[in-house]
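*Asks:* Structure, please.
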Amino acid sequence: MNKLIIVTILALTACSDGPESVNEQAMQEIVSQFKGNEEPAAIDAIWTSPKMFKVAVGDDGSNRDGYARYACSVLNDHGMTTGYRVEIVDIQSVVSGSNWVELGSADCG
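*Replies:* The predicted model follows:
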C-alpha cells in the first residue's frame with residue numbers, strides 16, 4: 001500500500017505544472033506589464049532573483065515607497081503574496097552601470 005501511495009504521488013508530481021512554471025509565467029507577465037504602456041512611470045523592469053523585482057524609473061526627487069507598494073499589489077494579483085521584495089531604482093544609475101540607486105522599496109505580503 002505504501003508503494004501505491006508513493007507511485008501515485010510521483011505520477012501526480014510528474015504530470016503537474018509545478019509552482020515554478022506558474023511562477024515563471026507570472027514573472028514574465030509582471031515584467032511585460034511594467035515595461036509596457038500600462039505603467040508609464042516605469043522605464044524598465046527585471047527580476048534580479050526569484051524573490052526580488054526591480055523597477056527602473058526616472059528620479060524626480062520623490063520617495064518611491066508608494067510605487068513599490070503598488071508593485072507589490074501587482075505581484076499579489078499574480079499569486080505572489082509573501083516573501084517578495086520590490087525595489088524602485090533610478091534608471092540613470094542602471095544605464096551608467098554604477099551601483100543602482102534605490103528610490104523606494106517594499107516588502108510584499
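*Asks:* biggest helix in the protein by residues?
*Replies:* Secondary structure assigned by DSSP state H gives helix 19-35 as the longest helix of the chain.
*Asks:* what helices or strands is that helix leaning on?
*Replies:* strand 42-49, strand 52-57, helix 65-77 (3 or more Cβ pairs under 8 Å, 6 or more residues apart in numbering; DSSP states H and E). Any C-beta I mention is one placed from the backbone N, CA and C, and that applies to glycine too.
*Asks:* Now distance to residue 87, mean neighbour count and mean pLDDT too, for these, in CSV please.
*Replies:* Shown next, in CSV, are these (distance: least, Cβ to Cβ, whole Å; neighbours: other Cβ atoms under 10 Å; pLDDT from 0 to 100):
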stretch, distance to residue 87, mean neighbour count, mean pLDDT
strand 42-49, 8, 16, 95
strand 52-57, 5, 22, 97
helix 65-77, 7, 18, 97
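*Asks:* Tell me which residues touch the nearest residue to residue 42 once chain neighbours are set aside, please.
*Replies:* Leaving aside its sequence neighbours, residue 42 sits nearest to residue 34 (Cβ to Cβ, 6 or more residues apart in numbering; 4.3 Å). By Cβ atoms under 8 Å, 6 or more residues apart in numbering, the contact list for residue 34 reads 42, 44-45, 55, 71, 74.
*Asks:* Pick out the most distant pair among those residues.
*Replies:* Using Cβ to Cβ, these span at most 15.4 Å, a distance reached by 44 and 74.
*Asks:* Closest one to residue 96 out of the contacts of residue 34, please.
*Replies:* residue 44 (13.5 Å).
*Asks:* Distance of that closest one relative to residue 92?
*Replies:* As for residue 44, its distance to residue 92 is 12 Å (criterion: Cβ to Cβ, to the nearest Å).
*Asks:* what sits against residue 52?
*Replies:* Counted by Cβ under 8 Å, 6+ apart, residue 52 has contacts 84-85, 87.
*Asks:* cool, residue 35 as well?
*Replies:* Contact partners of residue 35, counting by Cβ under 8 Å, 6+ apart, are 42, 44-45.
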